[in-house]
Structure formats: C-alpha cells, structure tokens
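> No letters, just coordinates:
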C-alpha cells in the first residue's frame, strides 16, 4: 500500500508557499483529483490567484487566515475550506505565529458545475420538431441573390441552428409552377409553359443546392398529380362549406387579347399608394387590388388599354374572418412592417378575393359552369403547406396525442419565411384560408425581410438587373456569399448588395480578422504547447472578465438564431466582436510567456482563446457550414448532438489552425 508522507525535503517553493505531491500524478490509474501538501511558514502568504477547478483545503495543523474575494476568515487545524471556481483566494500565516500552517489542497475540474455557476436560468423547453416554410419560388427566371438574401438563406440558417439545438427541423419550399408569371414568361420565350416551369424550377433547386441550402422537401406542383388532387379536394371542401362562393366580379377586359386580365397580365397604378404595380398585389405598399381598380391600366401582352368588364368567379370574402384574423394578428410573431400592413387592412373593410381566373395553366376549378378557369396559385400554397406538413409528419413519425401531426400540431412548431411583398398573402389570405379550413392555430411565427437591392436599385429579372446565384458561385465561395448576405440581410429596412463591398468585407473581417487570429493562435500553440490544447492554470481578473464576456457574446449569438429575435446580421457582428476581443487578449497575454513563474497565467489565456475558437466554430456553422466544419475538425471537435457554446478543449487535444479558411 503506497503511503505518501509529508517530508520537508520534498517541499518546493510555489507561489510563496512550500508544496509537494500528496497523490502521485503518474500513477497508472490516476485519481480523479489532484492533491498537494502545502506548508505556509510564519509571515508567509500564498500568492493571490484563482482558477477554474473546484478546490478544498483541509487544515491539519497551525492557525492562519484565508481570504476569498477579499473577505478574511480565521482557520485552524480541523477546518475545511471549499472554493467554487474563479474566486480569488490567499492563505496567510501571521508572522507572530511560531508554527507552520499545514494543509492539504484537493482540486478537480467539473465543467458541468462550472457551467451551472455561470449560465443563466434555462429557457422553456423547445419543441422537438419544426417546419420552416419558405414561399415557393416563381419559376420564371433564375434564383438571384435578392431572393437568396431574403427568406431562402434565412430558413436554411435557422434550420441548421435549430438542429444544432437538438430540434428535428425541416426546410420546405418549392416552385410556384402555376403562377401567371410563369405562363407570361413562357409566352415571352415562345416555349411551352410546362417546359418553362420545369427549366427554371430545376435551376432554382440547383441554385439552392449550390450554396448549401438544399431543402428537405422541394415541391413541384406541375409535376405532381397528387398536388392537383389535394388542391381540388381542399378547394371543394371550402366551397361546399360555404367559405367560398360564386360571384360576378368586376374585371378589366382586353378586347385585342380577348381575355379578362388577371395578375401579371395587367399593369397600372396602385389604388392605395399610387405606385406602379401589376394586378392583385402591390410590392410598394403590400396591399391587394382587384385588378379592375388600377389607375391607368394597360395589358401586359399587347399594351392596349382594357375596358371594364365582369366575369363569374369563385371568391373568398376575407371580411367573414375579421374576428379570427384580428385575434391572430394580435398573437402572431412578425416584423413591424408586416404587422402595420395587417393593422391598416383591419382598420378598413377587408376585400373579397377572386380565387379562380380564366387560364389553361393550373389546377382546373372543380365547379360546374366555370370550365376554363383554374384555381389561383396563392390558394394552392395553402393546400401545399397543409399537405407538406402531413407528408413530413408521416415520414418523420411526428405525432401529437396519437394523431398525425400537421400545421395545427402543438408539438410541431411551424414557421413561415417570406419577404414583405408577400406579407398580405401570408399573414392575411393564407391565415384566413386556414381558419376557414378549421385550423384553430394556424402558423403564427413569421420571419420576414424587406427588399434587397443591387448597387442601390431593385433586383429585376425582367430588366436583367440581377446576379444569379448560379453565376455568383462560379467566382465566389458559397460560404462567403452566405456570410455577406447574412451580414447585409434586409431584415427591417432595405439594404443593398455590392460585389466590391463583398470583397472588401471578406478581406477585412474574415481573412485579416478571423483567419489572422486563428493562424496566430495556431502558431502560438505549435511554439509553446507542441500543437496541443493546454489546460487552464491560474486566472487573473482579465481572464475572468474575458470568460464572462465570451459567455455574453455566445448568449447574444444564440439569441440571434431564435425565431423571435432572428438576425443573422447581428450574429456575424457579435462573432466579429468575439474574434477581435480574443485576438487582443491573445496579444496582450503573450507577455506572461516570458515572465518567470507566470506560465500558469499564459496557459489560461491560451485555453480561453481556444474556448473562443470553439464557440466560433459552433456559432458560425449555420451561416458558413464549410468553415464551421473545417474549424471544428482543426480543433478536434466531434459534434454528435447539442453542445454548449462555451466549453474548454480537453487538455492535450491536438489542434491544427494553419490552413486557409477563406478564399475569394
């Protein structure tokens, strides 16, 4: 049986007191703690210090004073002092004493206990499943950076972050094949409308995949017989319930084209704000129109002036759902611009909306006597979302109380991502349709955005003023595109894309900032620690302050990735601040490496830098998945589930931080 006695000849000076091992550090079966004999001679005081480990003193002989955070207490043989992490402390043997103060120190690391001391109270449990719906893209042209900067990249970032929190989150979108805009584009190209929808729908999906934003479900209505059947069934159910009804409505009729003009086929001035607009919805103020009420109308095919007309259609009276809509708007989570739009509309009588129109392209309206009319594509979206929720629920085994999960399931969170120009359609029209269909709790979490401009002007497919996603990834890394679009995302106000600014921002923030710091940290590890992570040693007030700040930055970054406070722009700002502060800490604390007897201070600073690099790998991953994966790999992280943003690398972990992470 090994016995370790306190022997004077084994004691060595450490921090103004005499110390020797109480348990062997090189035992084949190491103890889960470290222990030392400590002797404080009369008149001596241990160096004031703090550390991350939990520590206990067991006084065996003598008398003295222990000071913790400046508060002194008398101690004597038989006393035990228990110290939580990161409390500065000293132990003093007054000069008037004639005997040594002898104690055993036992200390151990407990990351769970350490985290519990510093972390805020846990938030309410997050639902374990979520659907992120993005407005289906209109396949009348390529997906451009204006589209991507809005709801598409936002949904992908949110889903990635939710999965990192342990949520089974799914990203759902598709192509809005039956839009009149697709039919009009096919006419312009002189191609069949089916071919046009297939061409651009395929390119839209390819663009999302090219930037790492592949949806879990990408719906293609024109290619799905089941979609047409479901839409017709949903329409029939509402029609037979009386929610939809036939009505003769005023129209604009083009004699030259021999058609009642609807949506893209008519242009004019908005009856609400006077801005130039097409039929049905105004991008300027967000409010709907009935086409017939446009000022200075013109046909978008022949350019002629239409005349007033009438046509029998199926309509949906929104006013019937005023009470439910008002209650919903009051409870829903949405941006200010969309909320004020809803409240302005609720302050007036709500319109009656046509949900069928004449066309050969779309899902035929299942109403006798209205042959030649199709169901409006925005009505299709409501059916599409309900069907997608049911399909995803069935495929993932999501359920509530033994029933199949859907849009109404309280265990599955449903979010909608869309731009302000779709605010009326999503917040008012679709919600009213869900209410009419009996959904007691329609999706009420909206993540919205404003317009993203190109060099100060609105992106425009028709004017060819755009940068397509597929073109952009040919010259720029997807990670860098994602970073810049997140940094400049038009969440509450319109913002603008600039290729020159992208290059300047990447060089300044990522190459010189993030990569410069990581490469410097890697060099430091190779020079001083053989390329492996050190454990923390003694702590200074500066160390403790940085760790507190690190926890604050991580909490703010994580908050920026929640639906209610979603802000990728804030996230990347916080991460850049984290990097700047970590870089400054590393530069300043390098001084400890050359001060005799202060190595323990230096290794604490390096361990803190590595904790910051670890947080960066985790928190940047939803925005820049390739970078996040590379950095996690270089830090030796193995992510197999949710992980706290702030933690320390295990001592001895091999670390590589020398390769290029960002290249234009």
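Nice, I can see it. Everything numeric in this text was worked out from a predicted model, so none of it was measured.
> Quick one: find the helix or strand in this protein with the lowest mean pLDDT.
Least confident helix or strand, the chain: strand 403-404 with a mean of 41, by mean pLDDT, DSSP states H and E.
> For the helix or strand following it, which strands pair with it and how are they oriented?
Later in the chain than strand 403-404, the nearest helix or strand by DSSP states H and E is strand 412-419. Paired with strand 412-419 in the same sheet, following DSSP bridges, are strand 129-134 (parallel), strand 445-449 (parallel).
> now what about strand 412-419, what contacts it?
127, 129-135, 150-152, 154-155, 158, 389, 393, 398, 400, 405-407, 426, 443, 445-451, 563 (Cβ atoms under 8 Å, 6 or more residues apart in numbering). No exception for glycine: its C-beta is placed from N, CA and C like everyone else's.
> Can you get me the start-to-end distance on stretch 144-163?
27 Å (Cα to Cα, to the nearest Å).
> tell me the mean pLDDT for that stretch?
The pLDDT scores in stretch 144-163 average 96.
> same check, this time on stretch 516-523
Regarding stretch 516-523, the rounded mean pLDDT is 98.
> In contact with the residue located most distally from the centre of the chain, which residues?
Most distant from the centre of the chain: residue 98, at 64.2 Å, with distances by Cα atoms, centre = their mean. Shown in contact with residue 98 (Cβ under 8 Å, 6+ apart): residue 42.
> three-state assignment of residue 597?
coil (DSSP: H, G, I helix; E, B strand; the rest coil).
> and residue 150, how many neighbours does it have?
Using other Cβ atoms under 10 Å, residue 150 has 28 neighbouring residues.
> from what I can see it touches residue 453, true?
No: look at residue 150 against residue 453 with Cβ atoms under 8 Å: they stay out of range, at 11.7 Å.
> per the record, what domains does the protein have?
Per automatic domain parsing, the domain ranges recorded for the chain read 8-118, 129-480, 499-634.
> Could you say which one of those domains comes nearest to residue 644?
When these are compared by Cβ to Cβ, domain 8-118 sits nearest residue 644, at 6.3 Å.
> quick check: mean pLDDT across the closest one?
86.
> Repeat that for stretch 352-362.
Averaging pLDDT along stretch 352-362 yields 96.
> Now it: buried residues?
352, 353, 354, 355, 356, 357, 358, 359, 361, 362 (16 or more other Cβ atoms under 10 Å).
> So which residues of the stretch 51-200 of the chain form strands?
54-61, 63-68, 71-76, 80-83, 89-92, 101-108, 129-134, 168-174 (DSSP state E, counting those that start in this stretch).
> Can you tell me which of the ones you listed is packed in deepest?
Greatest average neighbour count among the strands of the stretch 51-200 of the chain goes to strand 129-134 (a mean of 25), per mean count of other Cβ atoms under 10 Å.
> quick one: contacts of it?
151-152, 155, 158-159, 162, 167-173, 215, 385, 388-389, 392, 396, 398, 405, 411-418, 443.
> Mind giving me the ChimeraX command for buried ones among those?
Buried members of the contacts of strand 129-134, defined by 16+ other Cβ under 10 Å, are picked up in ChimeraX with:
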select :151,152,155,158,159,162,167,168,169,170,171,172,173,215,385,388,389,392,398,405,412,413,414,415,416,417,418,443
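> what residues are up against residue 380?
176, 178, 221, 227, 231, 362, 363.
> what's the closest of these to residue 103?
residue 176 (74.4 Å).
> who's in contact with that closest one?
Shown in contact with residue 176 (Cβ under 8 Å, 6+ apart): 135, 136, 137, 138, 139, 182, 221, 377, 380, 381.
> now do 10 Å
Listed by Cβ atoms under 10 Å, 6 or more residues apart in numbering, the contact partners of residue 176 are 135-140, 182, 197, 201, 219, 221-222, 377-378, 380-381, 384.
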